[in-house]
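Enquirer: Fold the following.
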Amino acid sequence: MNVRLVLIKTDGSQITENNILSFTFRKEMYLAYTLLNARFMAENADLSDIAQVLFYAGEKLIHHGLLDSARLSRNEAGSFVSLSSRGFTSQLCQNQIEPGLVDNISVNTLMDGYYALPFVTHEDNSDTSSYIYIRNNSTMWDGIVNLSCKLTGIYPYIRGTNCVRITDEQSPASFTYTDDNIIESGVDEEYKALLSHFHMSDINGDFGVYYLENQSALAHNIVRHKFFELDMQFLYNPSQALDYRSKYSSRASKCCYVKYSGYNGEDLSDVMSFGELENVRICRIIIHGDSNGITTETGTFFDGFRQQ
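Expert: Have a look, this model is predicted:
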């Protein structure tokens, strides 16, 4: 499979780089953007003022983002560039919105009513049955997370290059991995963020009314207490604030994964089957390429939000 970078400058001119020496592309359910790191032998001498980074695997565009950083180095073998780029949805995490209660809000009004972010799209969802409470220093992504958890019970994610979704794909592609094409499979477990006890004050600032124990944390002999003020984001149902924090602390705590040679076009919320797992949602995709070829790792999460 061929991969290529297309770099678009501020004046609109394009540079295509085909001699990719190595790259790593990452996309997962709890990451608000796609992430690309790549190193290539530069075919063009002028790589200043890059405004867009596009990365193709075969003919499929899998990353479209901002240039975060780039380093150009020269030696007797030629010119080499190492760059890092995040998808344009990363700007959802960098734009704060006015604090306060916003009633009757939908994904459509939240995404379209504040800032025009280039190349960012979203699921068409006009459900205005909920509200969000914007705390000081909260971002657009914070608002999307809060709204998504209330409306659908899942954490929002990015599908395609920069499309924000709060529901699972209704017509997902299906992928089956067998012993014939699996290089490696296994399980990742991570509990460093897992919290055991959640204490939230009431409207008067008193503790003792709102309390939750995470039984999974206690089963792992983890004792970590968290105290916080009444969460206005869940004012109509305060117990949801405890449940959300418990689920968030367990995010990606268990991931069953498979690795194979090449890339078949998987995306988040597609379904996959391997071993004893059948038709589970894809929650993580890591594509790596170097002189040894291209490998793809797809994984599914078992945590508070996923694969219950």
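
Enquirer: neighbours of Glu184, just the number please.
Expert: 10 (other CB atoms under 10 Å). Backbone N, C-alpha and C define where each C-beta goes, glycine included.

Enquirer: Where does it fall, secondary structure wise?
Expert: strand 182-189 (DSSP states H and E).

Enquirer: Tell me the buried residues in that strand?
Expert: Residues Ser185 are the ones in strand 182-189 that count as buried (16 or more other CB atoms under 10 Å).

Enquirer: what kind of secondary structure is the nearest residue to Leu7 once chain neighbours are set aside in?
Expert: Once flanking residues are discounted, Leu7 sits nearest to Ile15: 4.4 Å by CB to CB, 6 or more residues apart in numbering. Secondary structure, DSSP: H, G, I helix; E, B strand; the rest coil: Ile15 is strand.

Enquirer: What residues does Ile15 make contact with?
Expert: Val6, Leu7, Ile8, Lys9, Glu43, Asn44, Leu47 (CB atoms under 8 Å, 6 or more residues apart in numbering).

Enquirer: Quick check: buried residues in stretch 206-215?
Expert: For stretch 206-215, by 16+ other CB under 10 Å, it's Tyr210, Leu212, Asn214.

Enquirer: May I see those residues organised as TSV, with distance to Gly78 added?
Expert: What follows is the buried residues of stretch 206-215, written out as TSV (distance: CB to CB, whole Å):
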residue	distance to Gly78
Tyr210	62
Leu212	58
Asn214	54
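
Enquirer: pLDDT below threshold where in this protein?
Expert: For the chain, the stretches with pLDDT under 70 are 45, 308.

Enquirer: Tell me the strands beside the biggest strand by length in the chain, with direction?
Expert: Using DSSP state E to define each element, the chain has its longest strand at strand 60-75. Counting by DSSP bridges, the strands paired with strand 60-75 are strand 50-57 (antiparallel), strand 78-87 (antiparallel).

Enquirer: Any idea which of those gets closest to Leu242?
Expert: strand 78-87 (31.5 Å; CB to CB).

Enquirer: Show me what the helix or strand following the closest one is packed up against.
Expert: Using DSSP H and E, the helix or strand that follows strand 78-87 towards the C-terminus is strand 100-105. Helices and strands in packing contact with strand 100-105 are listed as strand 130-134; criterion 3 or more CB pairs under 8 Å, 6 or more residues apart in numbering; DSSP states H and E.

Enquirer: and the strand it packs on, C-alpha only, in CSV?
Expert: C-alpha atoms of strand 130-134 as CSV (Å, rounded to 0.1, in the frame of the first residue of the first chain):
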residue,chain,number,x,y,z
SER,A,130,-31.3,18.7,27.0
TYR,A,131,-29.1,21.5,28.3
ILE,A,132,-25.5,22.2,29.1
TYR,A,133,-23.9,24.2,31.8
ILE,A,134,-20.7,25.9,30.7
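
Enquirer: Could you figure out how far that strand is turned away from strand 100-105?
Expert: 160 degrees (axes from the mean of the first three to the mean of the last three CA atoms, to 10 degrees).
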